[in-house]
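Chemist: Fold the following and give me the result.
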Amino acid sequence: MKRAGSTIILGGIIVVLAAALVGTLLYIKNQPPAPRGVAPIVEIDPYEADSSKWGVNYPNQFTTFQLTESNKARTTFGGSEPYSKLEEDPRLVTLFAGYGFSKDYNEERGHANSLTDVRATLRVNETTPGTCYSCKSAGNPRLWAEMDMAEFDKTLFMELGKKISNPIGCGNCHDPKTMQLVVTNPALEEALAAQGKDWRTFTRQEMRTVVCANCHVEYYFAGEGKYLVFPWKDGTFIENISAFYAELGFNDWVHPQSGAPMIKMQHPEYEFFTAESTHYIAGVACADCHMPYTRDGAAKFSTHNVQSPLLNAEVACGACHTDVGYVTARVATIQKQVRETMDASEEAIVAAIKSMETAAAVPGVDANLLAEARDLHREAQLRWDFIAAENSMGFHNPEEALRILASATDLARQAQLKAVQAAGTQDVIQTRSQ
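Modeler: You can find the predicted model right below:
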């Protein structure tokens, strides 16, 4: 009887303990997830544009971000020194003749200079739309919420500027309460939605590239309101973008020498990198290289001194590659090859422009052939510019860069030949015999 009583008591204890364990597990399961990061010292306004206020909670990130204002280091093919690209390569004056980039085209400085530099460029005038502020200020998310993007874009640049006082900053990429990476540019959200994508379902590693697409993309201004649109509806490869613009009948300007309706490409880093590049396929994000993890004592954080990885290769490249010397030498080889191929494309396009200009002045020129030459010029130059305007000198996707530039050169030579044919058969014979 004593044994039976002990068994009953022991069984009761086990039941009670099991019930307590189940209750504890259910309690833990139903608790809200623990917040990431540190407990905030100050509360950040949902649309706070002043990054120094975020810096109270995140001093390492803010301190390194401040370095983007003064880091003026130059790499072989880029960097953050604001040199004139027109002086470096006078062919650009011909390529962008009749457009603002033939007057002022400088290498970009760091993020903290975004507002200063856009206001100083000669490409801005009294008719410039507010759309040109879309990638220049951490104050934009508040304005987009208050005005909506359509009103923001159609407001004149000079007028809208009175409401903007902070450069690019924390509010362009982060949720102030959770510090999660978020899409803040309505044009990016619309472009992703057009592809059937919802950024809220992306992983954190994916978002470490996607947030860069708030700004580092190709775009155009649609309609009289100059509404910001990313031309991604049919895909983000150069052929998709070219076909999109052709179907739309869109052009940025008409080239005064060739007579071709032209497209100016704008820093398409996101499209170029995600076009099945080696690093993208391997799961590498933009931030892994341009904002690598570093340490301040025991604190590990992503540096916000956004710059070329070549300026911090031991950290930026060394996180994955053991032989950093080999990697940087390989980068130099790739960029040199892309630059040389780009030069060949430029020479071909400039030659085509001159041939079209000459042909247009010939009495009785074949208008149909000249129109074909102009279409080919447009297609050649937008491909060349897709690589020229992208800020890695091809390294973000070397194979794709060479493929696109080869196509640009081929199309330019076709344009040149069509122009010569349009001017007369004798000119064609002379050209072939040279």
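Chemist: does Thr294 count as helix, strand or coil?
Modeler: Here Thr294 is strand, with the state taken from DSSP: H, G, I helix; E, B strand; the rest coil.
Chemist: who does it bridge with?
Modeler: For Thr294, the beta-bridge partners under DSSP bridges are Phe301.
Chemist: Tell me if I'm right that it and Asn305 touch.
Modeler: No: contact criterion C-beta atoms under 8 Å: Thr294 and Asn305 do not qualify, at 9.3 Å. C-beta here means a position set from N, CA and C on the backbone, and glycine is covered the same way.
Chemist: Which one's more surrounded, the two?
Modeler: Shown here are Thr294 and Asn305; by other C-beta atoms under 10 Å, Asn305 has more neighbours (23 against 17).
Chemist: and the more buried one, that's in a strand?
Modeler: No: the assignment for Asn305 (three-state DSSP) gives coil, which keeps it out of a strand.
Chemist: Next, the contact list for it, please.
Modeler: Each residue near Asn305 by C-beta atoms under 8 Å, 6 or more residues apart in numbering is listed here: Thr64, Phe65, Leu67, Thr68, Asn71, Gly110, Met291.
Chemist: of these, closest to Asp104?
Modeler: Gly110 (18.8 Å; C-beta to C-beta).
Chemist: low pLDDT regions in the chain?
Modeler: Within the chain, the stretches with pLDDT under 70 are 1-38, 425-434.
Chemist: For it, just list every one of the strands.
Modeler: Using DSSP state E, the strands assigned to the chain run over residues 74-75, 78-79, 220-222, 227-229, 253-254, 261-262, 293-296, 299-302.
Chemist: Can you tell me which helices and strands the fifth one packs against?
Modeler: If you count contacts as 3 or more C-beta pairs under 8 Å, 6 or more residues apart in numbering; DSSP states H and E, strand 253-254 packs onto strand 261-262.
Chemist: With the fourth one instead?
Modeler: Contacts defined by 3+ C-beta pairs under 8 Å, 6+ apart place strand 227-229 against helix 149-154, helix 186-194, strand 220-222.
Chemist: Among the ones you listed, which comes closest to Ser84?
Modeler: Comparing the helices and strands packed on strand 227-229 against Ser84 with C-beta to C-beta, the closest turns out to be strand 220-222 (25.1 Å).
Chemist: Within the sheet, what are the partner strands of the closest one, with directions?
Modeler: The pairing partners recorded for strand 220-222 under DSSP bridges are strand 227-229 (antiparallel).
Chemist: ok, Thr68 to Ile168 distance?
Modeler: 9 Å (C-beta to C-beta, to the nearest Å).
Chemist: between the two, who's got more neighbours?
Modeler: Remark: of Thr68 and Ile168, Ile168 carries more neighbours, 26 against 20, as counted by other C-beta under 10 Å.
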